[in-house]
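**Q** Build me a model from this:
(one chain, ligands or ions: 1)
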Amino acid sequence: MQKRFCACGVAVWVSYLSKANWKALFFVKVQQKIKTVHKCPHCNQYMNIDSLR
Ligand SMILES: [Zn+2]
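**A** Predicted coordinates:
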C-alpha cells in the first residue's frame, strides 16, 4: 500500500488490484477505523489516482 494525500490534505492509502488495468482501492482512516472509499470523506471528491499527491 502506498500513502498518498487528497488535494484537501486527507491521508489516503492506495492499494493496486492490478497494475495492468490501473485498478486501485482507496482507504481512509475514519474514527480510528480503516475503510474503503470511493470519495474523500472530507472534500467529497471522487478518488482518482491522478489527482492524489
Ligand atoms: Zn479530500
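**Q** Check residue 15 and give its pLDDT.
**A** We note a pLDDT of 91 for residue 15 in this prediction.
**Q** The helix or strand that contains it - contacts with which helices or strands?
**A** Using DSSP states H and E, residue 15 sits within strand 11-18. With contacts taken as 3 or more C-beta pairs under 8 Å, 6 or more residues apart in numbering; DSSP states H and E, strand 11-18 sits against strand 2-5, strand 23-30. In this view, the C-beta of every residue, glycine as well, is placed from N, C-alpha and C.
**Q** Just give me how far the helix or strand just after the longest one sits from the chain centre.
**A** Right, the one you point to is strand 23-30. Note on strand 23-30: by DSSP H and E, the next helix or strand toward the C-terminus is strand 33-37. Once both centres are worked out by C-alpha atoms, centre = their mean, to the nearest Å, strand 33-37 turns out to sit 9 Å from its chain's centre.
**Q** go on, stretch 17-35?
**A** 5 Å.
**Q** end to end, how far does stretch 31-48 reach?
**A** This stretch, stretch 31-48, spans 23 Å end to end (C-alpha to C-alpha, to the nearest Å).
**Q** mind listing what residue 35 touches?
**A** 27, 28 (C-beta atoms under 8 Å, 6 or more residues apart in numbering).
**Q** Tell me what it is bridged to.
**A** residue 28 (DSSP bridges).
**Q** How about residue 49: what's its closest non-neighbour residue?
**A** Take residue 49 and drop its neighbours on the chain: the residue closest to it by C-beta to C-beta, 6 or more residues apart in numbering is residue 24, 5.3 Å away.
**Q** Good, wrapping up.
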